[in-house]
Every structure is written in structure tokens, then in C-alpha cells.
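Coordinates for the following, if possible.
(chains A and B)
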Amino acid sequence: MNEPFRLSTEDLQHIVMSLQQKGYEVIGPRNSDGVIVYDRIHSTDDLPAGFVDEQAPGMYRLAKNGGTQFFGYTLPPQSWKRFLYLPRRELIAFDKDGKSFGVSHQKDEAKPYAFIGARPCELKAISIQDRVFSSGDYLDDGYLSARRRNFIIAVNCSHAGENCFCTSFGTGPEAESGFDIALTEIVNEEKHFFVAGAGSDSGKSLIEEIGPARAVEGDVDAAHEVIRKTSDAITKSLDIAGLPKLLSDNSDHPHWDDVAKRCLTCGNCTMVCPTCFCSTVEDATDLSGKTAKRTRIWDSCFTMDFARVSGGNFRISAKSRYRQWLTHKLSSWVEQFGVSGCVGCGRCITWCPVGIDLTAEVGAIKGGVAKQENGGS
Amino acid sequence: MAQRRTAGKPKVAVFKFASCDGCQLSLLDAEESLLDVAGAIDIAFFPEASRRMLRGPYDVGIVEGSITTPHDVEHIRAIRKSCGALITIGACATAGGIQALRNWKDIRNFVHIVYASPEYISTLDRSLPVGSFVHVDFELRGCPINKYQLIEVINAFINKRKPNIRTYSVCMECKMKGNECVMVAHGEPCLGPVTQAGCGAICPSFNRGCYGCFGPMESPNTPALSTKLNELGESKHDIKLAFRTFNAYADAFRKESESHE
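Residues are numbered from 1 along each chain as shown, chains lettered A, B, ... in the order given. From the prediction side, this is the model:
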């Protein structure tokens, strides 16, 4: 972290106002019907002060603990993905006029977004999607344009959720890169402030513009203590050593059938995953047939249409679809993009309606293999 | 098919069987699209909307309602012969409707209780979807159907393209819309994970669980959802009733409700 500053809650409000004046739409956490969601915020009054969440496989509850902490929750159901990679985006419009035929490509329409409250695992997820959408021959210009104008204020984690396992991937609970400003929120009996550091030139100039106090002795230690405590509180883990090979070697493991019995194939895990990027392209005409639109829409490897090709569907069973998702996320993603597709946020575990836990499923496959290698049955 | 056309517009007929009329009224409820629809098709037979009733054959037949009498069976077979493409709309026409609840009982008992002269009543022992009797080209789900989906299907038939009607879960719609999950976040029983999308996730958008109005999604794992509903405190009887509503006789929902008897 660059030279640390001490930001008061008023300073944070000045940051929100300054970002708005610069033309950003400021997106941050707020309480909506008992769930934290990322949504437009107008001031720090919109932040979910005093709210903490409880998460378990297939379970989420939000409660007010009476405190004043703005960022005391862990993670909301949906990530920043929906702002950078829109659930629906029109790509091309076609116009038929007599014998002529016009094609117009959708221009950058994304608003400049400033995110407040991005968690370290989410920054990693954004960096993974950056790689997916900017590498190779197929660039997603909508995503890339949104990212170019994107300002991110990260907030290090002060609470560990039951489904968090970022420490297995080294993606949290402290933000290391991918932000303009990083904050650690300190709340004690006397004070409520943030230890802040800039991660980019624009972050640095915004801090300078606000002119907060320098961090005093003990502030940085207090911030480290918050992060250390959070890290120690993470109980879930995924042993990632040799994981890509373990999964690719075990495509016929009987445990896939066990998961398939529980899996609803509803697609929730892929929708909430901050790195899942699959989409479909839909063509539609108007009634007259004179104009047509091509739209990119979020899709999921759990839907039947996803693997429907000329001649049939190559992934009909729930088993094959769950296996595709998990092995892509943790195994073939590494070959494809050079990193794992999982950041350990645990959203797929919390928001699976039946609480399927990928760490447990991987553990079962690994356990079965270890048993066989030890000569067990 | 070409010889059926008048003035280049496809001739469309709307027929009704055992149903409440709500689905065919969706066409009249098309509001901003109604004039476009009326301009693009020749509504040749639609008794609910017009006294003009042209004889067949028709390019497209839109059928609402379930088949419940021997007369219905003859009628739907005649309709099938007179229509180039046959589209069924709504839970009655695609799954037998709410009236399919009678399929688990002896129809003769109802007839004796309800009618003064039961000997005049000629009915089938079950209420069944149109597809049980004739070939159907496209089934549009819902109780009622979504009017935008109906326009999309008509549009697709006119323009000879595939209708953009997804058969995945309501959860996909909820998440794309930005809804939080009512089951995970509030413990609200919800049929969304096993129900086909298309309504726009109306009930979860208002913090209610999904009632399954659009019938089973493409690969419904109803036993796994029932296990979850049970964990949320729903009894076997509650679970049976949850699956036994508008799409009670759709295969996946029927089997699931029967497994909780």
C-alpha cells in the first residue's frame, strides 16, 4: 500500500460526492429487503450501517447488530459482474429497406461506474474476467469499455463468512491490486475511520483532493489486525494442489452421480459466480420482419440449450452439466486462461438453493481417490 | 401452406376448449403491439374478439384449453386438419390445467353431485393437454401465458424463425433481473428452480415463492427440491399440494405430487 491515510466517514462522503461530480454513477452496497445488493448509492447514508450477514450452504440471513460499521457484511448475492458484463446487451441491429440491408453495431453505452466496497476476492474475479474478455481473438468491447472507465474503491474484509475460502486461493482477505483506493474499516468504542491507500494515480489524486489526515502510529497495525483476525476466522478451505489434474483424471468418478441427485440444474451457481461468463446470442425480428436485433444474454452451462448443437445435445444429464461446470471452473480454466476460475468467494455455495458445496464435492472425489490408492475399497 | 394465405398475411384462428379465456385475452391485451399484430396477421376466426368467422383452412391455429369431452376430441382433430401450424397456449392446453385435479378422482362422483340429470353429461375421465390427442407444433406455457411471449411466438411463425422462448428455470430470470433468492435469503418455499422461466419471475420479484405457473422446466429435479422444501418445514401434504396446481398433470409435477401421497 502507498502512503497510508486516515479517512473519516465524512471524508468517505466527500469521495462519493466527488465521484458523482466527476460523472461517475456510484455503485455500492445497500440493504434491499433483507439482502445486501450492489446498487446505485447517493451518499454514505445509503450504506448498510450495522448490518451483518450469516451464510451457510443454501442459506443467507441479514441482521442489524446495532453497530455503525458500513462494511460489516461479507458478500452480497450478486457481484459487480452485472454492471460490467450486462445480463442483456444488444450487439447488432439490422434494417431491411427494399433491396438494401443496413447493419449497425452497438456502441459503448456503459456509464462510468465507481464501485465502493469491492472485496479482495471480487477484485481477483474482475481481473480474471479482464483476461477472459481481452485475450485472444474475441474481445468483448462492452465489457472492456465499462472497465476502462471504472473506478474501484476496495474494502478489506473485517468478517469471514462461513462459505468464504479466499485464503485457499490467496485472493483475500486483503486487497493487493486491482483497485484505485483500498480501505480497511476500523470501528472501536471511540472511533470509526478507514485506513486508506491509493492503488492508482487516479486513486491518489482523489485522496489528495479530499485531503484526509495522514495515518497516525498504530492505524496501520490496527488495519493489519482486522485483516489477520478475518483470515484466522476463515474455516472453509479447498486444497488446490494438483486440483486440475485430480478433476481431469476423475471424470468417471461415482461421486458425480451423487451430486447429480442433489443438483437442481437451475443455474444459480453460474449466475452468482463472479467469473462465469457464458452467454448466448439471440436473434429476433420485429413483426414486420423489416428490422432485427442480435442480443447477447447471460447463459449457463446448466441449461439444455447451452450444449444443443446440430444433431443433438451433448450434455443432457445433470451429472455431465455439473461436472462440466466444476471441472471448467477448477481445472480446464487453468489451461484456458492460466488462472483458476474460482476465487473462493463461496457465492455458489450460499446461493445454491440446495446448498451444494463445491469444496465438499471436490473433497469427496479426492477422498475416494485417496482411499483407492491406499488399497481401500 | 401458401394457398391458404389471403393478401399475403397468414390466416390465424383462435380456438378455445376447457379454460378460463385468460390466455386468448392476452392477445387482445397486447396493447402497444396489438395494431402491429393485427397488421401482420389476418385474424380469420377469433370468436372472443370478432363476429367475423372465416372458414378454414388456416395457416396458424392458436388453441387454448384442455380436452375434457368426447366432443372436444373430435373437434381438436378437425382443427388439427384445418391448421398449417398448431400452437397451444396456457397451462390448460399444455398440461390439462387446474381442472386436471379431477384426474385423481372418479369423475362419475362429481357428475352425480353437481348435475341434476347426470345422464346428459358426456365427459372424459381425465382433463388432458391438446398434445395428448394431436401433434402440436409449439406449446406456450403459463397460467396465464405472458403476452410478450405470445407475440414472440406469432412473430417467429410469421418470420419463419425459431421462437426465443427459453425453457430453463425461473432462477435464471430472477438472477438476470437482480432479484435476491427468496428461498435462500428468507426461507420462503419456492418452485422456481424446477419451473420454466417466462413470466419474468413475477412472484419472487415481490418476495413470494414461485407457484410453478409455467410448469416444469427442461430438466426438473423435483425430488431434490422437495427435500429442500421439507427442510424449510413443509409437510408431505404441503409439498403434494405445491406441485398440484395449474400444471398438476404435467409429467414431472404429477410424479412428484404422487410421491408425496
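
Contacts for the lowest-mean-pLDDT helix or strand in chain B, please.
Sorted by mean pLDDT, DSSP states H and E, the helices and strands of chain B end with helix B:34-40, the least confident at a mean of 89. With C-beta atoms under 8 Å, 6 or more residues apart in numbering or on different chains as the test, helix B:34-40 has contacts from A:Asp286, A:Leu287, A:Ser288, B:Lys9, B:Leu27, B:Leu28, B:Ala30, B:Ile151, B:Ile154, B:Asn155, B:Ile158. Glycine gets a C-beta too; all of them are placed from N, C-alpha and C.

any idea which helix or strand comes after it?
Remark: after helix B:34-40, the chain's next helix or strand is strand B:42-45, criterion DSSP states H and E.

helices or strands next to that next one in the packing?
strand B:11-16 (3 or more C-beta pairs under 8 Å, 6 or more residues apart in numbering or on different chains; DSSP states H and E).

now the helix or strand just after the strand it packs on: how far from the chain's centre is it?
As assigned by DSSP H and E, the chain's next helix or strand after strand B:11-16 is helix B:22-28. Relative to the chain's own centre, helix B:22-28 is displaced by 12 Å; criterion: C-alpha atoms, centre = their mean, to the nearest Å.

Am I right that A:Glu185 falls within a helix?
No. Going by DSSP: H, G, I helix; E, B strand; the rest coil, the assignment for A:Glu185 is strand, not a helix.

for it, what are its contacts?
A:Gln69, A:Phe70, A:Phe71, A:Gly72, A:Val155, A:Asn156, A:Ser158, A:His192, A:Phe193, A:Phe194, A:Val226.

most neighbours, which of the residues you listed?
A:Phe194 (28 neighbours; other C-beta atoms under 10 Å in any protein chain shown).

got a list of what that residue touches?
A:Phe194 touches A:Arg6, A:Leu7, A:Ser8, A:Thr9, A:Asp11, A:Leu12, A:Leu183, A:Thr184, A:Glu185, A:Ile186, counting by C-beta under 8 Å, 6+ apart.

again, only using 10 Å
A:5-9, A:11-12, A:15, A:70-71, A:153, A:155-156, A:181-187, A:212, A:215, A:219, A:223 (C-beta atoms under 10 Å, 6 or more residues apart in numbering or on different chains).

ok so, going back, from the contacts of helix B:34-40, list the buried ones, please.
A:Leu287, B:Lys9, B:Leu27, B:Ala30, B:Ile151, B:Ile154, B:Asn155, B:Ile158 (16 or more other C-beta atoms under 10 Å in any protein chain shown).

State the pair within those that is farthest apart.
Using C-beta to C-beta, the buried ones among the contacts of helix B:34-40 span at most 16.6 Å, a distance reached by B:Lys9 and B:Ala30.

Pull out the buried positions in stretch B:128-148.
B:128-130, B:133-134, B:136, B:138-147.

right, and A:Leu12 touches A:Ala49 too?
No. With contact defined as C-beta atoms under 10 Å, A:Leu12 does not reach A:Ala49; the gap is 11.7 Å.

Pick out whichever of these two has more residues nearby.
A:Leu12 (24 against 18).

picking up where we left off before, list the ones among the buried residues of stretch B:128-148 that fall in strands.
B:Phe138, B:Glu139, B:Leu140 (DSSP state E).

all helices of the chain, in order?
You didn't pick a chain, so chain A it is. Assigned by DSSP state H, the helices in chain A fall at A:9-21, A:81-84, A:120-134, A:141-148, A:166-169, A:201-210, A:219-233, A:243-249, A:255-262, A:268-272, A:318-327, A:333-337, A:347-350, A:358-373.

you looked at the wrong chain, it should be chain B
Under DSSP H, chain B gives helices at B:22-28, B:34-40, B:70-82, B:90-95, B:107-114, B:147-158, B:170-177, B:182-186, B:202-205, B:222-231, B:236-243, B:251-258.

In the stretch 51-200 of chain B, where is pLDDT below threshold?
For the stretch 51-200 of chain B, no stretch is flagged by pLDDT under 70.

Could you tell me which residues of it lie near chain A?
Neighbours of chain A within the stretch 51-200 of chain B, by C-beta under 10 Å from any C-beta of the partner chain: B:151-152, B:154-156, B:158-164, B:166-187, B:190, B:192-195, B:197.

Any of those buried? List them.
By 16+ other C-beta under 10 Å, those give B:151-152, B:154-156, B:158, B:163-164, B:166-176, B:179-186, B:190, B:192-195, B:197 as buried.

Report the separation between the residue nearest to the spatial centre of chain A and chain B.
Residue closest to the average C-alpha location in chain A (C-alpha atoms, centre = their mean): A:Pro274, at 3.0 Å. Look at A:Pro274 and chain B: by C-beta to the nearest C-beta, to the nearest Å, they are 13 Å apart.

Can you give me every residue that contacts that residue?
A:75, A:78-82, A:85, A:119, A:121-126, A:128-129, A:341-343, A:345, A:347-348.

same thing with B:Ala78?
Taking C-beta under 10 Å, 6+ apart, one finds B:Gly56, B:Val134 in contact with B:Ala78.

same check, this time on A:Asp252
Here A:Asp252 is in contact with A:Arg323 (C-beta under 10 Å, 6+ apart).

Which pLDDT value belongs to it?
Here, the pLDDT recorded for A:Asp252 equals 94.

Look up phi and psi at it.
When read as degrees, to the nearest 10, the backbone of A:Asp252 gives phi -110, psi 10.

how near is it to chain B?
Remark: distance between A:Asp252 and chain B (C-beta to the nearest C-beta) = 21 Å.

so who does the residue nearest to B:Arg166 when sequence neighbours are not counted touch?
Excluding the flanking residues, the one nearest B:Arg166 by C-beta to C-beta, 6 or more residues apart in numbering or on different chains is B:Ala197, at 5.4 Å. Going by C-beta under 10 Å, 6+ apart, B:Ala197 touches A:267, A:303, B:141, B:146, B:149, B:165-174, B:176, B:210, B:214, B:217-218.

Against chain A, how distant is the closest residue to B:Gly90 other than its chain neighbours?
Spatial nearest neighbour of B:Gly90, excluding adjacent residues (C-beta to C-beta, 6+ apart): B:Cys23 at 3.6 Å. Distance of B:Cys23 to chain A, given as C-beta to the nearest C-beta: 20 Å.

picking that back up, need the residues touching each of A:Leu12 and A:Ala49.
Joint contacts of A:Leu12 and A:Ala49 (C-beta under 10 Å, 6+ apart) are A:Phe70.

Write down the beta-bridge partners of the residue lying closest to B:Lys9 once chain neighbours are set aside, one by one.
Nearest residue to B:Lys9 in three dimensions, chain neighbours excluded: B:Asp42, at 4.2 Å (C-beta to C-beta, 6+ apart). Taking DSSP bridges as the rule, B:Asp42 bridges to B:Lys11.

I'd guessed B:Asp42 sits against B:Ser50; true?
No. Using C-beta under 10 Å, B:Asp42 makes no contact with B:Ser50, being 11.4 Å away.

Over to B:Glu48: give its phi and psi.
Residue torsions, per degrees, to the nearest 10, at B:Glu48 are phi -70, psi -20.
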